[in-house]
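Engineer: Need a 3D model of the following:
(chains A, B and C, ligands or ions: 4)
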Amino acid sequence: MKPRLNVLWNEIYCKRCLLCVEVCPVQVLTLERNEIEEKEGCIRCYQCERYCPDIAIEVMDEKGEK
Amino acid sequence: MKRLVSGNEAIFQGAIRVGANYFAGYPISPTSEILQQAALYSEENPGFRFLQAEDEIAAAIATISASLAGAKAFTATSGPGFTLMQEALGWGHVVEAPCVFVNSMRVGPSTGMPTQPAQSDLLQVKAGTAGDVYPLAFYPNSVEECFRLTATAFNAAEESLSPVILLADAFLSHLYELVDLEGSTLHIVPRTKDPLGSGQRLFTGAAHDKMGNVKTSDPVNYREWLRELKDRHDRVAERYPFFEYLPCKNSETLLIAFGMTSRVVLALKDRFSIFRPIRIYPVLEKELEEVSQSYRHIIVVEGNDGQYASWVECALCQKVMKVSCLGGGFKLKWIQSQIEDGLKGVGR
Amino acid sequence: MDRSYKELLKLRRFPHTWCPGCGIGAVLKNVAMVMKELGWNYKNTVAVSGIGCSGRMSGYMNLDALHTPHGRPLTAAEAIKTVRSDLNVMVLSGDGDLASIGGNHLLHTSRRNPDITVFCNDNEIYGLTGGQAGPTTPQGTKTLTSPRGEHHSPLRLGRILTQQAPYFYARTTVYHLNHFKTCIREALLWKGFSFVDIISDCIELNGRRLGFKTAHQMFKWFDERFHIVEGERDQLQEDELGIAKAVVKEVPRPAEKEEVKPEIPMEGLKPFTLEELERFDGQEGRPIYMAYQGKVYDLSASPLFQGEKRMRCHLGGKDLTKDLDIAPHGEDLIFKFPLVGKME
Ligand SMILES: Cc1ncc(C[n+]2csc(CCOP(=O)(O)OP(=O)(O)O)c2C)c(N)n1
Ligand code: SF4
Ligand code: SF4
Ligand code: SF4
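Structural biologist: Numbering: from 1, shown residues only, chains lettered A, B, ... in the order given. Ligands and ions are numbered 1, 2, ... in the order given. As a prediction, this is how the structure comes out:
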């Protein structure tokens, strides 16, 4: 699990399908050098986590915990 | 008390008496009576569950699944239905489901002669499904034996963790004999495997390891698994080396026959020795070898065109004479003349 | 966010086998989530799958799971439920598995209405075998086996499964997540046979050929093709997502059929002697009369008496009271024919 700003990303489970990138309403997720990266501005809507078919991304709560 | 019982009824009663509590089937001659009895029995005994399936594919799958769910399950059919069950049989061996498949044979191929008896599904039993399997199969020749061997088949299934085949034929299914079913006692082997709903196992037809992990490209794992499967079946088979041997003092000829043909050639027991395999699979190779040593001629009399004879040839590494009773005909006279022609070296 | 549903999955086998963006992962995950909410686990639940990419689902469930031959999960599930009515039994499989090779079982298992739930990953293609047309492939779609477009119209599962109450048929997609979960929940709680038709994406072997670059583009396409309908429905149109369901009121088992014997007054009937009766034997165009329990019936219309062969056992112009009492077809049969007189 690799922590990003607001999400935890599991590089082993992730298949780079880009669903999280495309469902994010504020487009803060990107795929860069084969890694999911996160920019400022997450509104913690959980869409990425809900749509990930591989259980590879999890949104942390306000305190930065799981 | 003795009463008149048919082969089909004896099979059903044998199953009930070893604790069978699930039957699935599809109507077909000559085993529809087993299906019908199961239907009635389930109405009167709620603990016994019954499914008239939409086809034999479903009947076979249901039998195996019910077994995995914890039931002592069985099904009954004839050649064409047994063909449809081949897929499930292969699966049953891989998922290790103890259950019994009754195949009462009639003349094939295809619809063939639905009410005429035959013994022509022997190869289908051994090699009808994809891949290598090592099924156990028993073949009675009397109503009393139908009863006992059904119980044996259930017990062997529990021990070998696989579907066991009980063979019969249209003649035997509809044969009525005086037997005392109620007065007989049967040995019962209990279930050892935990039923579904008690773990986190995967029962899959795909090649897998002992943990249930699917392993579809691992030859080493596969070979090990197959060897274990074969060893287990051989071990169980050793407990049931069933055959009947009727030596005739001055005979240089051994007749080999089973099921209904063995009943017919019994009339020749004062002229020829007779060997009747009861366990059809695994083939009684050792026993055949031992018995056949003292004979110059070996003649296999069977209701097909040499299916068991080919196993005998393999076991003995020699050609044997064949008398093929085809199309439902089992007349003693005809069989006798074939034997004599064969022995004279004329005809085939 | 409650992530306890993960204990229902065999995470040690992750990452799972499916392609990037494949909808099957979403089916697995969402079913597990609802199961967790309902308290379903390995102690009370069994999952059954057939063959296909979708058929791999049950193997990832932390339960006793059954992976049947191609097309047979419904039969297996029904048998398990029959033997162990205390267990929850669900089927997770594909459209090809359930509706093509298993089509006959779909008809008959649904007819017998066992209390099982079926999740059909309906990706409108044969995925595992490389992208051939399946039973639900829309007409005109190009696949490996329909290189110029599929010729035939697809099976309308929604119609087949709602033709006779009781039924529960839900159509949803892997994109409409809230709706999807509602359907899963209702289906799992439905008493009887419930079927959830989940429109899902096979991005790798169907989507790309259709021109979609990502799973998300396919999701948008689902959103264009389908819309959600709310409330109680008994049928769904082909473009509707929703739940169609119907129950039948418990009818008490019909009591043993009481024998109704038609009461016909004997007086006023023409009297026959046995000799007179014998003349009505069906020969040379004469009608066929027969006596049964003192009454004379006209059986000319009976198929049993047409032509010579049929007449093997019964003969016209006779008193058949004794014969009928042992014949396989009983008196019910004879009462259907016109009464023409009585015996003297
Ligand atoms: C008896 C049999 N016939 C054919 C196959 C090959 N086969 C494997 S999966 C499959 C199609 C599965 O399609 P579907 O159920 O739609 O699942 P998907 O892969 O699309 O998820 C076929 C034909 C098989 N395994 N067994
Ligand atoms: S949706 Fe999941 S699998 Fe797909 S790219 Fe995002 S994290 Fe990876
Ligand atoms: S939680 Fe919502 S806003 Fe934040 S990264 Fe995920 S999809 Fe984007
Ligand atoms: S082939 Fe299609 S259905 Fe199979 S895993 Fe890939 S995307 Fe999914």
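Engineer: B:F203: what secondary structure?
Structural biologist: strand (DSSP: H, G, I helix; E, B strand; the rest coil).
Engineer: list the buried ones in stretch B:192-202?
Structural biologist: By 16 or more other CB atoms under 10 Å in any protein chain shown, the buried positions in stretch B:192-202 come out as B:P195, B:L196, B:G197, B:R201, B:L202. The way it works is simple: take the backbone N, C-alpha and C, and place the C-beta from them, glycine included.
Engineer: now the strands: where do they sit in the chain?
Structural biologist: No chain was given, so I picked chain A. A:2-3, A:7-9, A:29-32, A:35-38, A:57-59 (DSSP state E).
Engineer: switch to chain C, that's the one I care about
Structural biologist: Using DSSP E, strands in chain C cover C:45-49, C:64-67, C:88-94, C:116-122, C:167-173, C:194-199, C:227-228, C:240-246, C:271-272, C:289-292, C:295-298, C:318-319, C:339-343.
Engineer: Averaged pLDDT, the first one. What do you get?
Structural biologist: Per-region confidence: strand C:45-49 scores 98 on mean pLDDT.
Engineer: Can I get it in CSV, CA atoms only?
Structural biologist: In CSV, the C-alpha atoms belonging to strand C:45-49 read as follows (Å, rounded to 0.1, in the frame of the first residue of the first chain):
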residue,chain,number,x,y,z
THR,C,45,-23.4,-19.7,2.7
VAL,C,46,-22.2,-21.6,-0.3
ALA,C,47,-21.2,-20.1,-3.7
VAL,C,48,-21.5,-21.9,-7.0
SER,C,49,-20.0,-21.0,-10.3
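Engineer: re earlier: which of the buried residues of stretch B:192-202 sits closest to B:E252?
Structural biologist: Within those, the smallest distance to B:E252 is 55.0 Å, found for B:P195 (CB to CB).
Engineer: Any part of stretch C:201-210 near ligand 2?
Structural biologist: No. Under the criterion of CB under 6 Å from any ligand atom, stretch C:201-210 makes no contact with ligand 2; the nearest approach is 11.2 Å.
Engineer: Average pLDDT for that stretch, rounded please.
Structural biologist: Per-residue scores along stretch C:201-210 average to 97.
Engineer: Off-centre distance for that stretch?
Structural biologist: Computed by CA atoms, centre = their mean, to the nearest Å, the chain-centroid distance of stretch C:201-210 equals 30 Å.
Engineer: Does it reach ligand 4?
Structural biologist: Yes. Using CB under 6 Å from any ligand atom, we find that stretch C:201-210 touches ligand 4 at C:C202, C:I203, C:E204, C:L205.
Engineer: what bits of chain C have low per-residue confidence?
Structural biologist: C:254, C:256-265, C:301-317, C:320-336 (pLDDT under 70).
Engineer: Tell me where the longest helix sits in it.
Structural biologist: As assigned by DSSP state H, the longest helix anywhere in chain C is helix C:23-38.
Engineer: Can you pull out the residues in contact with it?
Structural biologist: A:51, A:53-55, C:2, C:4-9, C:16, C:18, C:41, C:45, C:53-54, C:56-57, C:60-61, C:90, C:92, C:119, C:121, C:123, C:174, C:177, C:180-181, C:184-185, C:188-189, C:198, C:200-202, C:215 (CB atoms under 8 Å, 6 or more residues apart in numbering or on different chains).
Engineer: so what pLDDT did residue 5 get?
Structural biologist: Chain wasn't specified; assuming chain A. 94.
Engineer: could you do chain B instead?
Structural biologist: 97.
Engineer: Then the one 5 residues further on?
Structural biologist: According to the model's per-residue confidence, B:A10 sits at a pLDDT of 98.
Engineer: Three-state assignment for it, please.
Structural biologist: Secondary structure state of B:A10, per three-state DSSP, is helix.
Engineer: try the one 10 residues further on
Structural biologist: Three states are possible here, and by three-state DSSP the one that applies to B:A20 is coil.
Engineer: from memory it sits against B:F154, does it?
Structural biologist: Yes. Counting by CB atoms under 8 Å, B:A20 touches B:F154, with 6.8 Å between them.
Engineer: Between these two, which contacts overlap?
Structural biologist: If you check B:A20 and B:F154 against CB under 8 Å, 6+ apart, the residues they both contact are B:K72, B:F74, B:V100.
Engineer: Quick check: of the residues you listed, which lies closest to B:P135?
Structural biologist: Using CB to CB, the shared contacts of B:A20 and B:F154 come closest to B:P135 at B:V100, 11.2 Å.
Engineer: If we go by neighbour counts, what in the one helix or strand the closest one maps to is buried?
Structural biologist: Assigned by DSSP states H and E, B:V100 belongs to strand B:99-107. Across strand B:99-107, burial judged by 16+ other CB under 10 Å covers B:C99, B:V100, B:F101, B:V102, B:N103, B:S104, B:M105, B:R106, B:V107.
Engineer: ok, which pair from those is furthest apart?
Structural biologist: B:C99 and B:V107 (26.7 Å).
Engineer: ok, back up a step: of the residues of stretch C:201-210 next to ligand 4, which is the most crowded?
Structural biologist: Highest neighbour count within the residues of stretch C:201-210 next to ligand 4, by other CB atoms under 10 Å in any protein chain shown: C:C202, with 30 neighbours.
Engineer: Roughly how far does that one sit from C:T129?
Structural biologist: Separation of C:C202 from C:T129 (CB to CB, to the nearest Å): 11 Å.
Engineer: Find the residues that touch each one of these two.
Structural biologist: With CB under 8 Å, 6+ apart, C:C202 and C:T129 have no common neighbours.
Engineer: when you scan stretch A:56-66, is anything in it near chain C?
Structural biologist: Yes. For stretch A:56-66, a contact with chain C is found by CB under 8 Å from any CB of the partner chain, at A:A56, A:E58, A:V59, A:D61, A:K66.
Engineer: What's the ChimeraX line that selects buried ones from the residues you listed?
Structural biologist: Listed next is the ChimeraX selection for buried residues among those, using 16+ other CB under 10 Å:
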select /A:56,58,59
